[in-house]
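Enquirer: Need coordinates for the below:
(chains A and B)
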Number of protein chains: 2
Amino acid sequence: MCLTLEIVVGAAVEGKLKADFQSFVNVDSLSGRLNKSAASHASPTTMFPYCARNFTLHRRTLLRPPLSLHHPRKRCSPPSGGQQDQVVSFLQLCVDSHYISPGQRNIELFQQGNSCSYGPLGMELKRNLLSQWWHSLSSSPAQVFGINTINCSEDNAASGQGRFRVVEPKDFEDVFKQEQLSKEKVIQKVRELLQRSSSLRASLFQGALEEFVTVMELVNRRLPFGLAETGLCFQPSRGSGCPAEVTQTSLVWFCSPRTSSQWLHHWTRQRLKWWRKFALSPSDFSSTEVAEEELEEPASHGVRILYRFPWGQEPLETLWMRGNSELLQMHKGVRSKLQSRGGRKSIPHVISVSGNVDRGMMAFLSNSLQQHKKDGSKQKLQQRKVLKLHPVLAPVKVALEIGRGATVELRQVCEGLALELLEAEISVWPGYLKTQPTSMEQLTARYDEMGVLFTVVTSENTLESGLLQVRSRDTAIKETMHISEIKKFLLRYVSAADNS
Amino acid sequence: MCLTLEIVVGAAVEGKLKADFQSFVNVDSLSGRLNKSAASHASPTTMFPYCARNFTLHRRTLLRPPLSLHHPRKRCSPPSGGQQDQVVSFLQLCVDSHYISPGQRNIELFQQGNSCSYGPLGMELKRNLLSQWWHSLSSSPAQVFGINTINCSEDNAASGQGRFRVVEPKDFEDVFKQEQLSKEKVIQKVRELLQRSSSLRASLFQGALEEFVTVMELVNRRLPFGLAETGLCFQPSRGSGCPAEVTQTSLVWFCSPRTSSQWLHHWTRQRLKWWRKFALSPSDFSSTEVAEEELEEPASHGVRILYRFPWGQEPLETLWMRGNSELLQMHKGVRSKLQSRGGRKSIPHVISVSGNVDRGMMAFLSNSLQQHKKDGSKQKLQQRKVLKLHPVLAPVKVALEIGRGATVELRQVCEGLALELLEAEISVWPGYLKTQPTSMEQLTARYDEMGVLFTVVTSENTLESGLLQVRSRDTAIKETMHISEIKKFLLRYVSAADNS
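Expert: Okay, the predicted model is just below:
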């Protein structure tokens, strides 16, 4: 690896985090799975202090552009040299396995927890994650309604400072053309244009507040209920002038004032359980109270759900107990419409739960990467990397391959099987289409890196008896199975993993 | 209805379109369904001329703000007075049934085919539509990869005129603060800021072109293949300064030059078939060649898929045969990376297929609305409206209600059943939660307007024998069924409709 990274740490280095990276690599899958239920019942407060922001990594490039690790965070242990290599190789794996698109800028965006250009596997992972998030809310006994609000808002009174505005350059040119205007007039007109322009949302919260009154009528003014949405938000980015795009999940929960702290607790538990459900090593996900000095107005309490990345902990989701001031502010003059039914006629209190899907994807990718060293070898090339993504998240459930035998006929068999599986919404990797011969060992190593759950190999035997070989990513065991059983087997496997 | 609309038609009125609205209301569902397969094999070119743009509807309001019908389109028959009422009542139905959020501006956005604030049912409809779109591509024998690209681009060389820029007002204020600057300098600095700012995408096309080289390697440089994406785009809007947000679907197809016109034909047929699959009256969807004078550079051919709204035809999806100039332009200097494998080593030709999900939703809502007049009554109130959305698109599959019997116990039964159905990803409307007594007739009328597939009523009988009543939206027939059979029945019903 022709790459050196010089690390400048801006804040204190905390020794306890030094050993953390050990759990990132060489995690024992089995014990991870066994500990899962225990871990999800463990205390939600983390053992490690929340460390984010304010440390910077300066980098120096030798020979080729580095995979940047630009993270302005505080109180985090910087990765050591070996860890640094691991981080770089993890990011490279994400590129090579078609999770994210290549390119220095793109990898930086990904590592900063922003939306980046995702390749075919990244796109499927994102789809699966969003769909699991929605399913977990819609199938919970809590009453949650989905909404879909617009991004640009014309209401600039509500927009805070630092928010991005959308303008058309030609409007400015129209002003500049007017030669008689004085400098002051030009400035005034430019200001007016900016004032009139619409702002891009930084979170989904305002949208949900706007919808509150409508849905309040729908539920017949009975509390509690929630409004759920996923969507693109634009936030200030570090360094670049381009806004950072983030795909957010948002649940805004409306409840009676006296139950709001119970609900905060409830949703913290639920969300942490959700993150841990898909983790190989659930203890890397934790929750922690936001310190009083970090509380954002008007929140009176806050909880962060964190993931322990090799470079320190970063927040995946944040819960705020926000009282009702924002609701009253937005719906001024219609106080009666905000009141809940029943004796107290109280104005609901609001809890916001907003997550970062992009960083969540990175957390699951990082969490599921296992590296097995082959015995007796110290060369890096001999390391076997397996991306053990949870079966419901794995973007590709099965890769179809052709072994020995009549290629034309076997390709037809694969095509038929692929269509059958795709119809059942089982994602297929069409390995049978490639034209260059590759050894089966290389192939399975490749699929393990991509996190493909099963590799199905058709061969002469398949044409004769309908039997094919099914290799599991997680156990590396090969089984023989009849072609007619594959679909059922895969559906059962994924659904069992979902319900476990 | 206290609303008058004065219509000024900017272009010739074509008589043939006058009868079209008849098919919008009172469509015979059965014959519609029966004609479906015939219609989908019919010639894809429409019998009606493509009419869009350039006619304006001026409106005059009496007593209450109108539901706007502002549509600058050409050669369209404007809706007559009766049709106008129908349009207004259709839009109101979308609001009342929780498809879109209330508010004049929001309804306008919706009718213009832009993203608007969607209510719980609209959000589910959008989810279902996007998921069906993705399923139809991923399960087709054609090789299609999903991607997910970012919205803001820093590459301003590629951005055309009229595109929106994202700016931070404080950067401008920093310039204005510098008092020593002359007017010319201020203008220059503002221009520079605009120049450096990033642009919001107007379509998903550029993103797919950027990903081309990576995926070309992935498929081992074998053509054809496609890149599919859905996402938010920002387009110039009519009237308002706010950009219009549109959720687009995009398939960019790369094929050898000599097959590109066949592929254009193939995708036109496939896409039209897809739209018609979910239609109650498939013949309202049609395709038409784009006239030569309307072709956008560098396209040599174009096809539009249109829907016949009560106010005229509007495009839902557009296919362009674009040659390879844009590909060569974007990947200058890496010509060898663009070449396909095989003898000819040709640079692929590009076909773009981009659809408007928001207008698609409106088309399906409009298409599925049936109005039945009750015999002997001429009052509007006596009309029964049913939103016969296709079962796979219907946002709510089942509403759970409590009939006569012990409310507390029945509510528990409903809660248990709801959880079971939601677990199986069958969307449920929790009618059992409401507190005001409503007659069963009013309820089913309400659910019909919402397009709820089945209404399940629990009663005393359920507690005794486990039997409940299931009413179908489409047939209005009530059946008795055992509670243990409901889930299977619904799953089978939806999947049968999907495969029919």
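
Enquirer: drop to CA atoms for contacts and neighbour counts, all remaining ones
Expert: Noted.

Enquirer: The nearest residue to residue A:457 once chain neighbours are set aside - how many residues pack around it?
Expert: Take residue A:457 and drop its neighbours on the chain: the residue closest to it by Cα to Cα, 6 or more residues apart in numbering or on different chains is residue A:401, 4.7 Å away. A total of 23 residues lie near residue A:401 under the criterion other Cα atoms under 10 Å in any protein chain shown.

Enquirer: Assign residue A:401 to helix, strand or coil.
Expert: strand (DSSP: H, G, I helix; E, B strand; the rest coil).

Enquirer: which residues touch it?
Expert: Contacts were defined as Cα atoms under 8 Å, 6 or more residues apart in numbering or on different chains; by that measure residue A:401 touches A:414, A:430-432, A:455-458.

Enquirer: and the stretch 351-500 of chain A, which of its residues are near chain B?
Expert: Contact residues, the stretch 351-500 of chain A versus chain B (Cα under 8 Å from any Cα of the partner chain): A:415, A:419, A:422-423, A:425, A:434-435.

Enquirer: How about residue A:317: which residues does it bridge to?
Expert: Under the criterion DSSP bridges, residue A:317 forms beta bridges with residue A:305, residue A:355.

Enquirer: Quick check: it touching residue A:355?
Expert: Yes: between residue A:317 and residue A:355 a contact is recorded at 3.9 Å, counting by Cα atoms under 8 Å.

Enquirer: Check what pLDDT the residue in the stretch 401-500 of chain A positioned nearest to chain B gets.
Expert: Of all residues in the stretch 401-500 of chain A, the one sitting closest to chain B is residue A:422 (4.9 Å; Cα to the nearest Cα). pLDDT recorded at residue A:422 is 94.

Enquirer: Mind telling me what element it is part of?
Expert: helix A:407-423 (DSSP states H and E).

Enquirer: Run through the neighbouring helices and strands of that helix.
Expert: Judged by 3 or more Cα pairs under 8 Å, 6 or more residues apart in numbering or on different chains; DSSP states H and E, the packing partners of helix A:407-423 are strand A:398-402, strand A:428-429, helix A:460-465.

Enquirer: ok now that helix, how far from the chain's centre?
Expert: 33 Å (Cα atoms, centre = their mean, to the nearest Å).

Enquirer: which outside residues touch that helix?
Expert: Here helix A:407-423 has contacts from A:400-402, A:427-428, A:430, A:432-433, A:458-460, A:463, A:483, A:487, B:138-141, using Cα under 8 Å, 6+ apart.

Enquirer: Now render the residues of the stretch 351-500 of chain A next to chain B as CSV, adding distance to residue A:287.
Expert: Listed next are these as CSV, based on distance: Cα to Cα, whole Å:
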residue, distance to residue A:287
A:415, 46
A:419, 43
A:422, 38
A:423, 40
A:425, 34
A:434, 45
A:435, 49
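
Enquirer: Hmm, which of the residues you listed is lowest in pLDDT?
Expert: Within those, pLDDT is lowest for residue A:435, at 69.

Enquirer: host element of the residue of the stretch 251-400 of chain A found nearest chain B?
Expert: Residue nearest to chain B within the stretch 251-400 of chain A: residue A:341 (10.5 Å; Cα to the nearest Cα). Under DSSP H and E, no helix or strand contains residue A:341.

Enquirer: how much space between it and residue A:221?
Expert: Distance check for residue A:341 against residue A:221: by Cα to Cα, to the nearest Å, it reads 5 Å.

Enquirer: of the two, who's got more company?
Expert: Shown here are residue A:341 and residue A:221; by other Cα under 10 Å, residue A:221 has more neighbours (20 against 14).

Enquirer: residue contacts, the residue lying farthest from the centre of chain A?
Expert: Using Cα atoms, centre = their mean, the residue of chain A lying farthest from its centre is residue A:180. It sits 53.0 Å away. For residue A:180, no contacting residues are found, by Cα under 8 Å, 6+ apart.

Enquirer: SS state for it?
Expert: coil.

Enquirer: give me every residue that touches residue A:444.
Expert: Applying Cα under 8 Å, 6+ apart, we find residue A:444 in contact with residue A:455.

Enquirer: switch to 10 Å and redo it
Expert: Shown in contact with residue A:444 (Cα atoms under 10 Å, 6 or more residues apart in numbering or on different chains): A:386, A:399, A:401, A:450, A:452, A:454-455, A:471-473, A:476.

Enquirer: From the contacts of helix A:407-423, keep the buried residues only.
Expert: Among the contacts of helix A:407-423, the ones that count as buried by 16 or more other Cα atoms under 10 Å in any protein chain shown are A:400-402, A:427-428, A:430, A:432-433, A:458-460, A:483, A:487, B:138-139.

Enquirer: closest to residue A:271 among the residues you listed?
Expert: residue A:427 (26.9 Å; Cα to Cα).

Enquirer: Among the contacts of residue A:444, which ones are in helices?
Expert: residue A:450 (DSSP state H).

Enquirer: any low-confidence regions in the stretch 401-500 of chain A?
Expert: A:435 (pLDDT under 70).

Enquirer: Try it again at 80.
Expert: For the stretch 401-500 of chain A, the stretches with pLDDT under 80 are A:434-437, A:500.

Enquirer: Helices along the stretch 251-400 of chain A, start to end?
Expert: For the stretch 251-400 of chain A, applying DSSP state H, counting those that start in this stretch gives helices covering A:260-277, A:325-330, A:335-338, A:357-368.

Enquirer: Out of the ones you listed, which one sits most buried?
Expert: Neighbour counts (mean count of other Cα atoms under 10 Å in any protein chain shown) averaged over each of these peak at helix A:357-368, with a mean of 23.

Enquirer: Would you mark the buried spots in stretch A:407-421?
Expert: Those would be A:410-411, A:413-415, A:417-419, A:421, for stretch A:407-421 by 16+ other Cα under 10 Å.

Enquirer: any chance of those in JSON lines, with distance to residue B:117 too?
Expert: Formatted as JSON lines, the buried residues of stretch A:407-421 follow (distance: Cα to Cα, whole Å):
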{"residue": "A:410", "distance to residue B:117": "50"}
{"residue": "A:411", "distance to residue B:117": "47"}
{"residue": "A:413", "distance to residue B:117": "47"}
{"residue": "A:414", "distance to residue B:117": "44"}
{"residue": "A:415", "distance to residue B:117": "42"}
{"residue": "A:417", "distance to residue B:117": "41"}
{"residue": "A:418", "distance to residue B:117": "38"}
{"residue": "A:419", "distance to residue B:117": "37"}
{"residue": "A:421", "distance to residue B:117": "36"}
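
Enquirer: No more questions from me, cheers.
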